[in-house]
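In: Need coordinates for the below:
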Amino acid sequence: MKRPLVILMFIVMFLPCAMLAQDQDFGLGFMLGDPTAISFKKWTGTKNAFDGGVGWSFRNGSSFHVHADYLIHTFDLITVERGKAPLYFGLGARLKTEPETIFGFRIPFGVSYIFERTPLDIFFEIAPLFDLVPGTDFGGVEWSIGVRYYF
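Out: Next comes the predicted model:
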């Protein structure tokens, strides 16, 4: 029963990603930490973006993990000589399969570095979790470091 659900989730996540990859504002890469996942980001304006990840969480055993966030960036708090280094925050949702399914909210905070001449960014983020299913609870904190290439 879980295997068809996981396959369906991959299809639902990657079909829109493949269609968006035609745009210069779409990045695809990977993130390491909790979760370890394939990462994507779609800029919707100069300061707003959607991002997400599909992969595995290794906390409390291994389980499938998917999340999606809406992010707001601020570019004026960190100045760098080349490129850009925005801080960002947002709100998102996550789904994690363990022996039972966990669904809840995440509140990501992070910093990224956007290279000036290379369509690449690197990022570090932390995200407090608030679980709603199977019960309401503080779900801990996720963290990851990653890189994305922009098409």
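In: so where do the strands sit in this protein?
Out: Counting by DSSP state E, the chain has strands at residues 26-34, 36-43, 48-57, 63-74, 87-97, 101-106, 109-114, 120-133, 137-150.
In: do you know which of the ones you listed lies nearest residue 81?
Out: strand 109-114 (11.7 Å; Cβ to Cβ). To be clear about C-beta, it is placed using only N, CA and C from the backbone, and glycine gets the same treatment.
In: for the residue positioned nearest the centre of the chain, what are its contacts?
Out: Centroid-nearest residue in the chain: residue 52, 3.3 Å away (criterion: Cα atoms, centre = their mean). The contact partners of residue 52, by Cβ atoms under 8 Å, 6 or more residues apart in numbering, come to 13, 39-40, 66-69, 92.
In: Which residue is the nearest non-sequential neighbour of residue 35?
Out: Leaving aside its chain neighbours, residue 35 sits nearest to residue 65 (4.3 Å; criterion: Cβ to Cβ, 6 or more residues apart in numbering).
In: give me the number of residues near that neighbour?
Out: When neighbours are defined as other Cβ atoms under 10 Å, residue 65 has 23 of them.
In: is it in a bridge, and if so with what?
Out: Going by DSSP bridges, residue 65 is paired in beta bridges with residue 55, residue 96.
In: what's the burial count for residue 56?
Out: Here the number of neighbours of residue 56 (other Cβ under 10 Å) works out to 15.
In: same question but for residue 134, I mixed them up
Out: 11.
In: who's in contact with residue 142?
Out: The neighbourhood of residue 142, defined by Cβ under 8 Å, 6+ apart, consists of 33-35, 57, 94, 106, 126-127, 129.
In: so what's it bridging to?
Out: Counting by DSSP bridges, residue 142 forms beta bridges with residue 127.
In: Distance of it relative to residue 89?
Out: Using Cβ to Cβ, to the nearest Å, residue 142 is found at 14 Å from residue 89.
In: again, but for residue 144
Out: Note on residue 144: its distance to residue 89, by Cβ to Cβ, is 15 Å.
In: These two: which is more packed in?
Out: When neighbours are counted by other Cβ under 10 Å, residue 144 and residue 89 differ, and residue 144 comes out ahead with 22 against 15.
In: Distance from stretch 80-92 to the middle of the chain?
Out: Centroid displacement of stretch 80-92 relative to its chain, using Cα atoms, centre = their mean, to the nearest Å, is 14 Å.
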